[in-house]
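1. Structure of the sequence below:
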Amino acid sequence: MKKLIPLFLIIITGLTCCNNTGKSNFTVVDTQEESVKTDTVVYPGIYQTEQYIKLIDGKKTGIVSNQTGIINGVSLVDTLISLKQNIVKVFCPEHGFRGNADAGAKVDNSIDEKTGLPVISLYGNNKKPSAEQLSDIEVVVFDLQDVGVRFYTYISTLHYVMEACAESNIPVIILDRPNPNAHYIDGPVLDTANFRSFIGMHPVPVVYGMTIGEYGKMINGEKWLKNGVQCDLTVIPCKNYTHNTKYSLPVKPSPNLPNDRSVELYPAICLFESTTLSVGRGTNKQFQILGHPSLSVVEEADFTFTPLPNEGASDPVLNGRLCYGFDLSEDNSVFEWKEGKLNIGVMIEMYKMFPEKDNFFKKSNSIELLSGYTGFREQIKNGVSEDEIRKGWQTGIEEFKKTRSKYLIYE
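-> Here you go, the predicted model:
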């Protein structure tokens, strides 16, 4: 240990903080320079190296991470190898280790070309590490950038990693990261009896206002793992962070969340994945635009785009078809958008103006899986007001807040 810490201290650390515009502002910090003021810089857990190195030093270590697990622009895996740690295997979530696979696409096991390490996919048929895959591991380090939305699957990956490790008596260390949507809690609580799936495993609202480290503590504490097992869990916290801290992600968390605005819009716009509309996959404004060819007859739908294959969308919805619709990437959208709220008003208004109402929702139960309850589809179809719909969520939200409060690390 005494030889490792000085090696880390010579690294020039690039950290991300945010200004009032919400855009990235990169601050370079030399950790050996005592005069540097860092009280406004947010340090994700990965920067608390001394805290977790001592927990893995000399142990066969597995890593759960992807392109978001970086320190000074260098991956967690490469950093730990440079610090002479015994990394034996990497596990990757949806989108793969390098983060460029389509949403929902099969990600195969592979060998990382740079390190030669085996990379095990935790998406598709192998969402939970097997006992065999964990047999040569003594500790697991988990570092993924979450965006704080129930159907964003990294928290489901966390669940299965914790469960598998609990069953094999392997400790898990979460390197916590800020949640860009942590400043509010909103949306219906998932009906787990009827709509539990990989895009929603726990009784939480759509937006739950917790970091992934806090969420891991809640999974453990509420005994949501199979048979009530509990994981030997350590959370390495962020520094200089609160739930109200504005935080701009330095790396795309997945191919179709390219910027701060897409992350902000994602909780509400992802609900449209249950419809026949395009949410911008196959463009450079993913989750920031909405459109469909049939909206050509709607006067307000004066924005056009054509989805085409690109990274993260090899065959996007409405591929190659001219779509008419709306650009929500700027605040001057025709829709009223309120910060700190699940803006279902956008779906209400889109349904009203959509000319082919029988073809608005997909025939599957995807809207129930995303919203988390029976009835949202019919509420939209029947023109129920946003206020009335939201009233039905409030009891569940208040109960969740009581549960959440037991596991918070940050103000």
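2. how about the helices in this structure?
-> Ranges of helices in the chain, per DSSP state H, are 4-9, 49-56, 76-82, 154-167, 192-195, 212-221, 260-269, 345-353, 366-371, 376-381, 386-391, 394-405.
3. how far does the fifth one sit from the chain's center?
-> What that stands for is helix 192-195. How far helix 192-195 lies from its chain's middle: 21 Å, per C-alpha atoms, centre = their mean, to the nearest Å.
4. buried residues in that helix?
-> residue 195 (16 or more other C-beta atoms under 10 Å). Where you see a C-beta, it was placed from the backbone N, CA and C, and this is true even at glycine.
5. For that helix, give the mean pLDDT please.
-> Across helix 192-195, pLDDT averages out at 98.
6. same for it, what does it pack against?
-> helix 366-371 (3 or more C-beta pairs under 8 Å, 6 or more residues apart in numbering; DSSP states H and E).
7. starting at the chain centroid, how far to the helix it packs on?
-> The answer for helix 366-371 is 17 Å, by C-alpha atoms, centre = their mean.
8. any idea of the mean pLDDT in that helix?
-> Rounded mean pLDDT across helix 366-371 is 98.
9. How about stretch 222-238?
-> 98.
10. before we move on, the earlier item: with distance to residue 307 as added columns, please give the helices of the chain in JSON lines.
-> JSON lines is the format used below for these (distance: least, C-beta to C-beta, whole Å):
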{"stretch": "helix 4-9", "distance to residue 307": "44"}
{"stretch": "helix 49-56", "distance to residue 307": "42"}
{"stretch": "helix 76-82", "distance to residue 307": "34"}
{"stretch": "helix 154-167", "distance to residue 307": "25"}
{"stretch": "helix 192-195", "distance to residue 307": "28"}
{"stretch": "helix 212-221", "distance to residue 307": "31"}
{"stretch": "helix 260-269", "distance to residue 307": "15"}
{"stretch": "helix 345-353", "distance to residue 307": "17"}
{"stretch": "helix 366-371", "distance to residue 307": "18"}
{"stretch": "helix 376-381", "distance to residue 307": "24"}
{"stretch": "helix 386-391", "distance to residue 307": "28"}
{"stretch": "helix 394-405", "distance to residue 307": "35"}
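11. Among the ones you listed, which comes closest to residue 299?
-> helix 345-353 (9.3 Å; C-beta to C-beta).
12. would you list every one of the strands in the stretch 151-300 of the chain?
-> 172-175, 233-236, 289-292 (DSSP state E, counting those that start in this stretch).
13. I'd like to know which of those lies nearest to residue 348.
-> Of the strands of the stretch 151-300 of the chain, nearest to residue 348 by C-beta to C-beta is strand 289-292, at 12.9 Å.
14. Could you name the helices and strands sitting against the closest one?
-> Helices and strands touching strand 289-292, by 3+ C-beta pairs under 8 Å, 6+ apart, are strand 303-305, strand 323-327.
15. if you compare the strands of the stretch 151-300 of the chain, which one is most tucked away?
-> Neighbour counts (mean count of other C-beta atoms under 10 Å) averaged over each of those peak at strand 289-292, with a mean of 27.
16. average pLDDT for that strand?
-> Strand 289-292 comes out at a mean pLDDT of 98.
17. Neighbours of the closest residue to residue 221 other than its chain neighbours, how many?
-> Residue nearest to residue 221 in three dimensions, not counting chain neighbours: residue 407, with 5.9 Å by C-beta to C-beta, 6 or more residues apart in numbering. Using other C-beta atoms under 10 Å, residue 407 has 19 other residues around it.
18. before we move on, what about residue 398?
-> Residue 398: 11 neighbours (other C-beta under 10 Å).
19. ditto for the one 3 residues further on
-> Other residues lying near residue 401 total 13 when counted by other C-beta under 10 Å.
20. Residue 200 now?
-> Neighbour count of residue 200, defined by other C-beta under 10 Å: 23.
21. got the contact list for it?
-> Contacts for residue 200 (C-beta atoms under 8 Å, 6 or more residues apart in numbering) come out as 150, 151, 190, 192, 369, 370, 372.
22. re earlier: check the helices and strands packed on strand 289-292 for me and report the most buried one.
-> Note that of the helices and strands packed on strand 289-292, strand 323-327 is the most buried (mean count of other C-beta under 10 Å), with a mean of 21.
23. What strands line up against that strand, and which way round?
-> Its sheet considered, strand 323-327 pairs with strand 289-292 (antiparallel), strand 303-305 (antiparallel) by DSSP bridges.
24. would you list those in a markdown table and tack on distance to residue 208?
-> A markdown table is the format used below for the strands paired with strand 323-327 (distance: least, C-beta to C-beta, whole Å):
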| stretch | distance to residue 208 |
| --- | --- |
| strand 289-292 | 24 |
| strand 303-305 | 31 |
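25. Which one, of the ones you listed, ends up nearest to residue 109?
-> Residue 109 sits nearest to strand 289-292 of all the strands paired with strand 323-327, at 35.0 Å, using C-beta to C-beta.
26. Just the CA trace of the closest one, in PDB.
-> Only the C-alpha atoms of strand 289-292 are listed here, as PDB (Å, rounded to 0.1, in the frame of the first residue of the first chain):
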ATOM      1  CA  ILE A 289     -36.800  15.400 -30.700                       C
ATOM      2  CA  LEU A 290     -40.100  13.700 -31.400                       C
ATOM      3  CA  GLY A 291     -41.700  12.900 -34.800                       C
ATOM      4  CA  HIS A 292     -43.600  10.700 -37.100                       C
END
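27. Tell me the gap between it and the middle of its chain.
-> 23 Å.
28. and if you look at stretch 154-164?
-> 13 Å.
29. Start at 19, not 1
-> With 19 as the first residue, the last one maps to stretch 172-182.
30. Mind listing what's buried along it?
-> 172, 173, 174, 175, 176, 177, 178, 179, 180, 181, 182.
31. How about stretch 299-318?
-> 299-301, 303-313, 316.
32. what's the closest of those to residue 360?
-> Of those, the one sitting nearest to residue 360 (C-beta to C-beta) turns out to be residue 305, at 14.1 Å.
33. Residue 282 versus the closest one, what's the distance?
-> Distance of residue 305 to residue 282, computed by C-beta to C-beta, to the nearest Å: 9 Å.
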